[in-house]
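Participant: I need the structure of the sequence given here:
(one chain, ligands or ions: 3)
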Amino acid sequence: MLPVEHPFAAPQRASPLPLSLASASRSEDLQWVGEPTSGSTSALRDLNPVIFRPQTLQSVHPPAAELPLGPYTRQGSGAPAPSSGATVFALSSGQGRCGIAVIRTSGPASGQALRSLTAPRDLPPARKACLRLLSDPRSGEPLDRALVLWFPGPQSFTGEDCAEFHVHGGPAVVSGVLQALGSVPGLRPAEAGEFTRRAFAHGKLSLTEVEGLADLIHAETEAQRRQALRQLDGELNHLCRGWAETLTKALAHVEAYIDFGEDDNLEEGVLDQADSEVRELEVALGAHLRDARRGQRLRSGAHAVVVGPPNAGKSSLVNLLSRKPVSIVSPEPGTTRDVLETPVDLAGFPVLLSDTAGLREGVGPVEQEGVRRAQKRLEQADLILAVLDASDLASPSSCNFLDTVVIPAGAGSPNGSNQRLLLVLNKSDLLPAGGPDPSPDLPPHLLLSCLTGDGLDGLLEALRKELAALCGDPSTDPPLLTRARHQHHLQGCLDALGHYKQAKDLALAAEALRVARGHLTRITGGGGAEEILDIIFRDFCVGK
Ligand SMILES: Nc1nc2c(ncn2[C@@H]2O[C@H](COP(=O)(O)OP(=O)(O)OP(=O)(O)O)[C@@H](O)[C@H]2O)c(=O)[nH]1
Ligand SMILES: [K+]
Ligand SMILES: [Mg+2]
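Facilitator: Ligands and ions are numbered 1, 2, ... in the order given. The predicted model follows:
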């Protein structure tokens with residue numbers, strides 16, 4: 001731990017949520033509204049007259065107060081509404097002794113809380129850090145000299161009035177300030193996730209952004225961090241909103257046809273346009289669903305298994321990649337019996353690496369069970385690291401392994417089950433120096449020496465490529481679905497589009513589109529009546 005001096009000169013251990021993320025308001029206002037529940041007569045039907053009879057626009061357009069607000073707001077989308085009026089407070093940085101601890105409040109009494117604890121008592125200018133003496137409002141006892149920040153709502157992380165106290169991170173300071181806050185009328189300790197829940201309820205974060213924030217806090221590798229940050233930045237949200245907008249457009253076309261199919265004023269090809277929009281969307285959704293597991297793998301870690309004949313150096317490789325002595329290494333064949341798992345960060349990707357028993361036949365019951373477990377793990381793995389002893393390629397166990405595992409899995413290319421395989425020829429130090437490739441006839445492979453480290457860089461680079469293919473590369477790829485929930489709704493949307501195509505009448509087709517759109521908006525926790533209005537006015541020729 002770095003020395004604890006003045007905490008604000010150079011934050012030694014910053015809050016896990018830097019200021020900009022913890023408190024600053026998002027520049028973009030995400031207050032968009034939800035979509036009509038499926039089955040209800042859509043707002044579109046009521047609004048369609050607006051499209052075609054511009055002269056009656058003023059009289060037909062429902063006044064704002066009459067818009068059905070309930071199910072249309074984010075708050076109505078399943079998020080628990082914050083208990084009104086309460087102001088909550090909590091330690092927002094990690095527990096334990098540290099340079100600086102960040103305590104924050106959210107709710108209407110935040111300003112009062114700031115004034116009660118600080119001297120001078122006036123509120124600091126909005127979003128400007130100010131140094132203040134903190135003291136207990138009951139006893140007047142000084143607690144700390146701290147930086148305080150005032151974020152008046154709605155331009156705050158939660159959308160409510162918020163305050164932050166950046167105090168020295170000693171346990172006594174932190175508990176003193178928390179107790180002092182608890183004594184301020186109207187304040188209570190926050191529940192787990194309550195700040196974020198309030199941000200969602202006030203439309204500051206979409207559901208996918210909430211998920212991105214959670215993933216960012218839990219990210220352990222670089223690629224996980226990138227993916228989470230992109231989701232927090234709203235990329236998945238924008239993607240889903242774009243798709244939902246396409247469906248709203250298609251729905252507007254179909255509903256217009258239902259209401260005005262006989263009307264001369266309707267543009268030609270309205271239904272064809274809806275069909276082509278749906279077809280394009282199907283292609284886009286299909287592409288994302290094919291990659292659906294990648295984002296989830298990146299969140300939870302890809303499963304890689306090290307397999308090979310006995311004594312190939314599997315355990316040596318596991319120890320080398322994990323940089324710790326996970327497995328016992330010995331010259332005795334059959335050393336590893338059980339499956340040994342270790343989480344590792346490989347080239348920025350999270351991987352659960354499994355060491356396994358050497359594959360061979362004609363062994364005792366214990367080793368046999370080890371082989372059975374190894375084979376089971378092999379079937380479940382996303383990535384197979386097949387290890388052979390480069391100086392022992394002609395042995396029966398090597399040949400058998402090549403024939404039964406490496407060749408069927410198709411080294412260097414993904415097989416039907418999406419498993420990927422890297423063939424590693426270990427113990428290259430035992431080959432004659434500068435000699436030819438010992439095995440030009442083998443599938444694509446890498447030479448490695450666990451003993452000298454030769455070939456490790458090449459192996460890590462190959463692993464990076466394989467893992468980027470398995471987990472998606474968050475530096476370059478389009479945003480990925482990161483949870484089973486996203487995959488479920490995307491599949492639901494695609495199924496509904498299938499019903500649209502098969503629908504025997506237009507009312508059913510419109511209903512299928514509403515169901516499809518409902519799935520998309522549930523991904524982000526919103527959807528839109530106002531969107532529908534916008535799109536109608538933008539996309540239709542009025543009163544042609
Ligand atoms: N020369 C040389 N020896 C190695 C290398 N890698 C591993 N070994 C040796 O090979 C022997 C077997 O290594 P392990 O890592 O135990 O092999 P394993 O595949 O896990 O063996 P089992 O668990 O018994 O199947 C040990 O004596 C290691 O020191 C290498 O790159 N070069
Ligand atoms: K061994
Ligand atoms: Mg071993």
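
Participant: Might you enumerate the residues of the protein proximal to ligand 2?
Facilitator: Where the chain comes near ligand 2, counting by CB under 5 Å from the ion, the residues are 311, 330, 335. All C-beta atoms are positioned from the backbone trio N, CA, C, and that covers glycine.

Participant: ok, so of those residues, who is nearest residue 426?
Facilitator: Using CB to CB, residue 311 comes nearest to residue 426 of these, at 9.9 Å.

Participant: Residue 476: neighbour count?
Facilitator: Residue 476: 8 surrounding residues under other CB atoms under 10 Å.

Participant: Tell me the one of the residues of the chain next to ligand 2 nearest ligand 3?
Facilitator: residue 335 (4.7 Å; CB to the ion).

Participant: Am I right that the closest one is in a strand?
Facilitator: No: looking at residue 335 with DSSP: H, G, I helix; E, B strand; the rest coil, it is coil, so not inside a strand.

Participant: Does it touch residue 318 like I think?
Facilitator: No: using CB atoms under 8 Å, residue 335 is not in contact with residue 318, being 12.0 Å away.

Participant: Which residue of these two possesses the greater neighbour count?
Facilitator: residue 318 (28 against 16).

Participant: tell me which element that one falls in.
Facilitator: Assigned by DSSP states H and E, residue 318 belongs to helix 314-322.

Participant: Only C-alpha atoms, please: export that helix in CSV.
Facilitator: Provided in CSV are the C-alpha atoms of helix 314-322 (Å, rounded to 0.1, in the frame of the first residue of the first chain):
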residue,chain,number,x,y,z
LYS,A,314,0.6,-31.0,-20.3
SER,A,315,1.0,-30.1,-16.6
SER,A,316,4.2,-28.2,-17.5
LEU,A,317,2.2,-26.1,-20.0
VAL,A,318,-0.6,-25.4,-17.6
ASN,A,319,1.9,-24.2,-15.0
LEU,A,320,3.6,-22.1,-17.6
LEU,A,321,0.4,-20.4,-18.8
SER,A,322,-0.9,-19.8,-15.4
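
Participant: Show me which residues of the helix or strand following that helix are buried.
Facilitator: Going down the chain from helix 314-322, the next helix or strand is strand 340-346, by DSSP H and E. Residues of strand 340-346 classed as buried by neighbour count (16 or more other CB atoms under 10 Å): 340, 342, 344, 345, 346.

Participant: Pull up the residues of the stretch 1-150 of the chain that are close to ligand 1.
Facilitator: Residues of the stretch 1-150 of the chain found near ligand 1 (CB under 6 Å from any ligand atom): none.

Participant: if we can go back for a sec, keep the buried residues of strand 340-346, but drop any that are not near ligand 3.
Facilitator: Okay, of those, nothing touches ligand 3 (CB under 5 Å from the ion).

Participant: Dump those into TSV; add pLDDT as well.
Facilitator: Putting these into TSV (pLDDT from 0 to 100) gives the following:
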residue	pLDDT
340	96
342	95
344	94
345	93
346	92
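
Participant: So the nearest residue to residue 425 once chain neighbours are set aside versus residue 356, what's the distance?
Facilitator: Spatial nearest neighbour of residue 425, excluding adjacent residues (CB to CB, 6 or more residues apart in numbering): residue 390 at 3.8 Å. Noted for residue 390: a distance of 20 Å to residue 356, by CB to CB, to the nearest Å.

Participant: Could you find the closest non-adjacent residue to whichever residue of the chain sits closest to ligand 1?
Facilitator: At 2.8 Å from ligand 1, residue 358 is the closest residue in the chain, using CB to the nearest ligand atom. Using CB to CB, 6+ apart and skipping the chain neighbours, the partner closest in space to residue 358 is residue 310 (2.9 Å).

Participant: just to revisit the earlier point, what's the closest of the buried residues of strand 340-346 to ligand 2?
Facilitator: residue 340 (13.0 Å).

Participant: Contact partners for that closest one?
Facilitator: Listed by CB atoms under 8 Å, 6 or more residues apart in numbering, the contact set of residue 340 reads 318, 326, 327, 354, 355, 356.

Participant: isn't the second one right up against residue 344?
Facilitator: Just to be clear, that refers to residue 326. No: applying CB under 8 Å as the test, residue 326 and residue 344 come out as separate, 9.1 Å apart.

Participant: In this protein, which residue sits nearest ligand 2?
Facilitator: residue 335 (3.6 Å).

Participant: Disregarding residues adjacent in the polypeptide, which is nearest to that residue?
Facilitator: residue 328 (5.6 Å).

Participant: Then residue 271?
Facilitator: Per CB to CB, 6+ apart, closest to residue 271 is residue 257, 5.5 Å.

Participant: which of the residues in the helix or strand where that neighbour lies are buried?
Facilitator: In the assignment (DSSP H and E), residue 257 maps to helix 235-260. The neighbour-count check on helix 235-260 (16+ other CB under 10 Å) flags 235-237, 239-241, 243-260 as buried.

Participant: so what does that helix touch, helix or strand wise?
Facilitator: Judged by 3 or more CB pairs under 8 Å, 6 or more residues apart in numbering; DSSP states H and E, the packing partners of helix 235-260 are helix 43-52, helix 207-218, helix 270-290, helix 506-524, helix 529-539.

Participant: Quick one: mean pLDDT for that helix?
Facilitator: For helix 235-260, mean pLDDT rounds to 89.

Participant: could you check the angle helix 207-218 makes with that helix?
Facilitator: With axes from the mean of the first three to the mean of the last three CA atoms, to 10 degrees as the basis, helix 235-260 and helix 207-218 are set at 170 degrees to each other.
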